[in-house]
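Participant: heads up, no residue letters with this:
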């Protein structure tokens, strides 16, 4: 895993930048819509859990990205893999904007379905370039699978 440290830091930094941008939509403690109006299931994770989980996942995304780009864009499959990676990164940001920013559980659910599909495709495309890069995205896929079910449940509880 011979990764250029500057590329690694840049890739992690880029992913964390998107994480930070998406967090701008996260409701503040006491937000009326999220904390008072929105019905959530009893198994909804506590608020404190989301930040550390997402931080780890965005770091893993950055490491994964650096493994794919380390040999250059001219390597077969890299360009397509990167396009799909950036699509999923955009969709990740879009979920926060849709669910929290627009206060739309249905929009959030539709967005997260597209996100889930794009993560699966990213893993498939990354695996052709770097098996390790693909494996690093498995926790992300698992968390987004859970988040998809949670978003679906919240949508159903809030018609």
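Facilitator: Okay, I see it. No experiment lies behind these values; they were computed from the predicted model shown. Residues are numbered from 1 along each chain as shown.

Participant: alpha carbons only for contacts and neighbour counts from here, please
Facilitator: OK.

Participant: what residue ranges in this structure score low on pLDDT?
Facilitator: For the chain, applying pLDDT under 70 flags the ranges 1, 30.

Participant: Check it for its longest helix and report it.
Facilitator: helix 105-129 (DSSP state H).

Participant: residues in contact with the next helix or strand after it?
Facilitator: Later in the chain than helix 105-129, the nearest helix or strand by DSSP states H and E is helix 131-136. Residues outside helix 131-136 that contact it (C-alpha atoms under 8 Å, 6 or more residues apart in numbering): 60, 61, 63, 64, 65, 67, 68, 122, 123, 124, 126, 127.

Participant: circling back: for the longest helix of the chain, name the packing helices and strands.
Facilitator: With contacts defined as 3 or more C-alpha pairs under 8 Å, 6 or more residues apart in numbering; DSSP states H and E, helix 105-129 has these neighbours: helix 78-96, helix 131-136, helix 138-157.

Participant: returning to what we had before: now a ChimeraX select for only the buried ones of the contacts of helix 131-136.
Facilitator: Listed next is the ChimeraX selection for buried residues among the contacts of helix 131-136, using 16 or more other C-alpha atoms under 10 Å:
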select :60,61,63,64,65,67,68,122,123,126,127
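
Participant: now, which of the contacts of helix 131-136 sits nearest residue 16?
Facilitator: Distance to residue 16, by C-alpha to C-alpha, is smallest for residue 61 among these, at 9.3 Å.

Participant: circling back to that earlier point, list the buried residues in the longest helix of the chain.
Facilitator: 105-116, 118-123, 125-127, 129.

Participant: Run the angle between that helix and helix 78-96 for me.
Facilitator: Per axes from the mean of the first three to the mean of the last three C-alpha atoms, to 10 degrees, the angle that helix 105-129 makes with helix 78-96 is 160 degrees.

Participant: one step back: could you dump the helices and strands packed on helix 105-129 to CSV with mean neighbour count?
Facilitator: Below are the helices and strands packed on helix 105-129 laid out as CSV (neighbours: other C-alpha atoms under 10 Å):
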stretch, mean neighbour count
helix 78-96, 19
helix 131-136, 19
helix 138-157, 17
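
Participant: Good, wrapping up.
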